[in-house]
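Enquirer: Let me see the structure of the following:
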Amino acid sequence: MKRKNMTLAVPLAAVAVLAAAYPASAWYFGRQIEAAHAELDAQLAALPYLKLIRHDYERGVFDASETLTVEFSPLFRMPVVPPAPARPPADGATPEAPQAQPAAPAPAPFPPLRVTFKTAVRHGPFPDFSAFAAGSATTVVEFDEAIQKMVLEAFGGKPAAEIRTLYDFSGGGRGTIASPPFKLVLPGRTEGSTATLSGDGLEMTVDFTRRMERYSMQGSAPRFELADPDGPRLALAGLSFEARQQRVFTDEPLLYAGSQRIALAGLTVAPGQADGQAKGPAIALKGLQYDEQTAADGEFIDLTVRSGAAGVRVGEQDYGPAAYDFSVKHLHARKLMALYRDIMALYAKPPETLQDQQQLLQAVAPMKDKFVGLLLDAPVLSIDRIAFRLPEGEAKLSASVRLAEAKAEDFANPLMLVRKLDAAAEVVMPSTLAVKLAGGKAESEEAAREEAERKVDAFVRRGYATLENGMLKSRLSFKGGQLHINDQLFNPMDMAAQAPQEEAEQ
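Expert: Numbering: from 1, shown residues only. Coordinates of the predicted model:
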């Protein structure tokens, strides 16, 4: 009997220990989650275009609740309320002698946009006994009463977005964001008409480490459409995006390096109608891509962007495939962020400040020294490739520019800055396109074409361009205040002086 009692005592003691340890574990994990929320909320509140209105966090042993309300800068106001309908004529008024009516009040803007995040947290190690984790959270997004009513109508009574987060034991976790299909009715272009903005929802997943030092993100949205019976119809299909980012400096929470990619299967713009006729050409883009790479090297970062579209159709003409690639290299990261914070601070100012030229100049004046300091490190801005197809063939352009050995005092003298410019470009285009661009005024279209052909031929004869297989190619460089074209010093005065002689020879 004694042995049996001892056999029972061991598991009972283990259960007792676990029962006592579980609240302690839940309390510990709850405190860890609260600290993580506090860090992220502080970063959010530090954004100059946001104002923290309310932040409540109530933590218990096994769960917690958080309410966070932020207000956006006045620049992010919602559209104005449509004007009230015209009032009926007053009693005794006739068409011949209408009585004067008070003017309708001017449309009143919505108050500043406020967004509230309500989060219910469950502490680990077995939150809601559905997972083994440090905790879980569910967040819903709400707006002020007037906007919330519009949102509920648009989303069929569902929240605009629901966020679910599962926290791991290292301080990171995974969040999923889901937004249901919606249809929002907006004022149309003409009185009494309405437009609709609709979509088939959005899904996104974010994996993050402690303090958001690293994160990866991916998401998709099948369709968005803006339709106006009196205007164009815009439709986006097959949106997808992904990113992998790592914070560059521990004390600079908004600066990340890594990759971002956005793809769009198609974008179409159908023009509106007027008297049964289209107001413009239809536009259809397909296979759009935006690929961004940011690399950090000590105190400097390099930004490279590759973007383009497989098809670019405007009316009956297809200009695709098209590409626009650019890069900015050797940017001093901390100087860039100091300038960025000043620019973002403009969003916290009243809209009147940015609408008044004098006030705007006063607001941006302190940024001048920071911008100059950024340029003194000689960053290189490059258009790595612009390419598109025309009826005459494919045209390409690449260019780069930087300031070489510039000093702060050079910015007080534009002529000194010109001598510090170091720029280069390369142009490739069909010769038939060059002829069109070189065309001038003449008595007839044929005479204008012949004049343009002479200009292009003269440009080639002087060695400023080469012509091969119908493609015109030219390299330009500007350095030390001198312009070279195809490695030849370009003097516009000499070119003008030679033009009459060349025409006479022809």
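
Enquirer: from here on, contacts and neighbour counts on C-alpha atoms
Expert: Fine.

Enquirer: Could you check the pLDDT of Arg3?
Expert: Predicted confidence (pLDDT) at Arg3: the value is 50.

Enquirer: now do Ser240
Expert: 98.

Enquirer: hey, what's it bridged with?
Expert: Ser220, Ala263 (DSSP bridges).

Enquirer: who touches it in this structure?
Expert: Counting by CA atoms under 8 Å, 6 or more residues apart in numbering, Ser240 touches Gln218, Gly219, Ser220, Ala221, Ile262, Ala263, Leu264.

Enquirer: can we see that at 6 Å?
Expert: Contacts here follow CA atoms under 6 Å, 6 or more residues apart in numbering; on that basis Ser240 touches Gly219, Ser220, Ile262, Ala263.

Enquirer: if I look at it, how far off is Asp291?
Expert: Distance, Ser240 to Asp291, by CA to CA, to the nearest Å: 12 Å.

Enquirer: that's a helix at Lys149, yeah?
Expert: Yes. With DSSP: H, G, I helix; E, B strand; the rest coil as the criterion, Lys149 is located in a helix.

Enquirer: count of neighbours near it?
Expert: Here the number of neighbours of Lys149 (other CA atoms under 10 Å) works out to 13.

Enquirer: just to revisit the earlier point, of the contacts of Ser240 - the most surrounded one?
Expert: Ala263 (21 neighbours).

Enquirer: any chance you could map the strands in the stretch 351-500 of the chain?
Expert: Assigned by DSSP state E, counting those that start in this stretch, the strands in the stretch 351-500 of the chain fall at 380-390, 393-403, 421-430, 466-468, 471-479, 482-485, 488-489.

Enquirer: and if you look at the stretch 151-300 of the chain?
Expert: Going by DSSP E, counting those that start in this stretch, the stretch 151-300 of the chain shows strands at 162-167, 173-179, 182-187, 194-199, 202-208, 214-227, 233-247, 256-270, 273-274, 277-278, 283-297, 300-314.

Enquirer: Show me what the third one packs onto, helices and strands only.
Expert: Packing contacts for strand 182-187, counted by 3 or more CA pairs under 6 Å, 6 or more residues apart in numbering; DSSP states H and E, involve helix 145-154, strand 194-199.

Enquirer: cool, the last one as well?
Expert: Using 3+ CA pairs under 6 Å, 6+ apart as the contact definition, the elements that strand 300-314 packs against are strand 283-297, strand 322-332.

Enquirer: Quick one: name whatever helix or strand follows it.
Expert: strand 317-318 (DSSP states H and E).

Enquirer: so where's this protein shaky on pLDDT?
Expert: Applying pLDDT under 70 to the chain flags residues 1-20, 74-111, 275-276, 439-443, 492-506.

Enquirer: related to what we said a few turns ago, quick check: which of the helices and strands packed on strand 182-187 is buried the most?
Expert: The highest mean neighbour count among the helices and strands packed on strand 182-187, using mean count of other CA atoms under 10 Å, belongs to strand 194-199: a mean of 18.
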